[in-house]
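Asker: fold the following for me, if possible:
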Amino acid sequence: MKGRTVCPNCKYEFILDLPEDKKHEVTCPNCKHKYVIQAKCKKSEDECKWEEHGEPRKTVLSKIRPKTNKPMISAILLVCVFVIGVSTSVFSEQFIESTMDIGNAIGLSGNVKITVLDFENQSIDNVTVKINNVSKLTNDKGYVCFKKIGLGIQKIEVNKSSYQKQVEEHLILPFFTNEILIRYNMTSGSNIKEFNRAGCSLIIGILSIFPLLGFISCLKRRNFDIAIAGAIIGIFSFGFFFIGSILSVIAAYLIFKSRDEFENGKKGKTF
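Answerer: Numbers count the residues shown, from 1 in each chain. Have a look, this model is predicted:
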């Protein structure tokens, strides 16, 4: 009995001459795909139509790796980062000073780029900028760079010939270039702008929230992106003696190594 069929894999159509059985396993001459068909034939037709039989199909799944303790360890580390960060934000002045003293003692330092503008956002050149008894002049674009500046709250003195000096306090951190914008008041007398400790505490507190979100994701083994982001942002919460940063780095490494164990929340595991 002749019949016409279409390969479900490559859509190639061909004719078969098969015995009158209910089911037949055939191989596509075009792509060599094997599938089972059965006949649907009307008495008025000389040629039957063969269709793929509706048997359950086999689904090829990615190999599931055994679970490890890495996400759980990462969760513990991130909740520690959160606690350290919150404690640092509450006692910011004491923790910042002691932490930066430790950083200076072990040889850490920071790079600083200072841009001096007036209150109309115009750059000011030939302004003397002084940090730790080191003085430099701003260039024609209004900025100057310092390298290997001591960590902690440093006084930055800005002065231009024929004008009064201006002093501002800024926090110098390690590992990246500290970009500082100073608006020079060229019309008034000498003034001092102290470091905003309350604002610093608020920033540390906000940065500490992200490790908490990463902790929840690691605990549930869901949303790898949130987990890794929480660990990376936690690095910049610093914490007491940089312990928070160190724990965040370790957590980020463990999360990345165990990324196959996380579900993405929508379509199962992230492969």
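
Asker: tell me the centre residue of this protein?
Answerer: Ala229 (3.7 Å; CA atoms, centre = their mean).

Asker: quick one: contacts for that residue?
Answerer: 210, 213-214 (CB atoms under 8 Å, 6 or more residues apart in numbering). Where C-beta positions appear, they are placed from N, C-alpha and C, glycine not excepted.

Asker: assumed it was part of a helix.
Answerer: Yes: counting by DSSP: H, G, I helix; E, B strand; the rest coil, Ala229 is part of a helix.

Asker: re the thing from before, so which of the contacts of Ala229 are in helices?
Answerer: 210, 213-214 (DSSP state H).

Asker: from those residues, which is closest to Glu25?
Answerer: For the ones in helices among the contacts of Ala229, the residue nearest Glu25 by CB to CB is Gly214; the value is 51.8 Å.

Asker: just want to check the distance between the closest one and Leu78.
Answerer: Distance, Gly214 to Leu78, by CB to CB, to the nearest Å: 5 Å.

Asker: repeat for Arg183
Answerer: 38 Å.

Asker: which one's more surrounded, these two?
Answerer: A count of neighbours by other CB atoms under 10 Å puts Leu78 above the other of Arg183 and Leu78, at 32 against 17.

Asker: tell me the pLDDT of the more buried one.
Answerer: pLDDT for Leu78: 95.

Asker: buried set for the helix or strand hosting it?
Answerer: Per DSSP states H and E: Leu78 is located in helix 70-90. Neighbour counts over helix 70-90 (16 or more other CB atoms under 10 Å) mark 70-71, 73-82, 84-89 as buried.

Asker: swap in stretch 252-262?
Answerer: Buried, per 16+ other CB under 10 Å, within stretch 252-262: 252, 254-255, 258-259, 261-262.

Asker: tell me which two in the residues you listed are the farthest apart.
Answerer: By the measure CB to CB, Ala252 and Glu261 form the most distant pair in these, at 15.1 Å.

Asker: in this protein, which segments are predicted with low confidence?
Answerer: 1, 20-22, 39-65, 92, 186-190, 240-241, 264-271 (pLDDT under 70).

Asker: can you list the domains in the chain?
Answerer: With domains defined by automatic domain parsing, the chain comprises 2-52, 107-195.

Asker: point out the most buried one among these.
Answerer: domain 107-195 (a mean of 15; mean count of other CB atoms under 10 Å).

Asker: which residues of the stretch 151-271 of the chain fall in strands?
Answerer: In the stretch 151-271 of the chain, the strands defined using DSSP state E, counting those that start in this stretch lie at 152-159, 166-172, 177-183, 191-193.

Asker: on that earlier part again, take the buried residues of stretch 252-262 and lay them out in CSV including distance to Thr138.
Answerer: As requested, these are exported to CSV (distance: CB to CB, whole Å):
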residue, distance to Thr138
Ala252, 38
Leu254, 45
Ile255, 43
Ser258, 49
Arg259, 46
Glu261, 52
Phe262, 49
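
Asker: and the residues you listed, which is closest to Glu93?
Answerer: Using CB to CB, Ala252 comes nearest to Glu93 of the buried residues of stretch 252-262, at 28.6 Å.

Asker: quick one: contacts for the closest one?
Answerer: Ala252 makes contact with 228, 231-232, 235, according to CB under 8 Å, 6+ apart.

Asker: what's the distance between it and Ile233?
Answerer: Taking CB to CB, one finds Ala252 at 10 Å from Ile233.

Asker: excluding covalently adjacent residues, which one is nearest to His33?
Answerer: Asn9 (3.8 Å; CB to CB, 6 or more residues apart in numbering).
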